[in-house]
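K.L.:
Fold the following, please.
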Amino acid sequence: MQQVIMRKKKIIVAITGASGSIYAKLLLDNLSKLSDQIEQVGVVMSDNAKEVWSYELGHTGYSEYDTLIFMAKWTSMPHLPRGPQSLTP
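P.N.:
Numbering: from 1, shown residues only. Predicted structure coming up:
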């Protein structure tokens, strides 16, 4: 019987300013519990996402996830493809 070796995954989550912060929070909560399967979780949040999170959930708890890596703002990543869905003009 052959043994399968699974490598830990690296995941990037982008959170926009659309309503539904509870779903982003639940996703981050669950990803932070999967350290046996996930090597890193990078999180990109727009400024609007932070405002909506604070408004909908009543706190800025997105900054309290010590197992996640918060990356630069979405708008400061020029290597990402631009198109109609882009957050910058």
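K.L.:
Now do the SS call for residue 62.
P.N.:
Assigned with DSSP: H, G, I helix; E, B strand; the rest coil, residue 62 falls in the helix class.
K.L.:
Next up, the contacts around the nearest residue to it once chain neighbours are set aside.
P.N.:
Take residue 62 and drop its neighbours on the chain: the residue closest to it by Cβ to Cβ, 6 or more residues apart in numbering is residue 53, 5.5 Å away. The way it works is simple: take the backbone N, C-alpha and C, and place the C-beta from them, glycine included. By Cβ atoms under 8 Å, 6 or more residues apart in numbering, the contact set of residue 53 is 15, 21, 24-25, 45, 60-62.
K.L.:
tell me the SS of residue 53?
P.N.:
Look at residue 53: counting by three-state DSSP, its state is helix.
K.L.:
So residue 60 sits against residue 54, correct?
P.N.:
Yes. Residue 60 lies in contact with residue 54 (Cβ atoms under 8 Å); the separation is 5.4 Å.
K.L.:
Please say which of the two ends up with more neighbours.
P.N.:
Shown here are residue 60 and residue 54; by other Cβ atoms under 10 Å, residue 54 has more neighbours (14 against 11).
K.L.:
Run through the residues that contact the more buried one.
P.N.:
So residue 54 contacts residue 60 (Cβ under 8 Å, 6+ apart).
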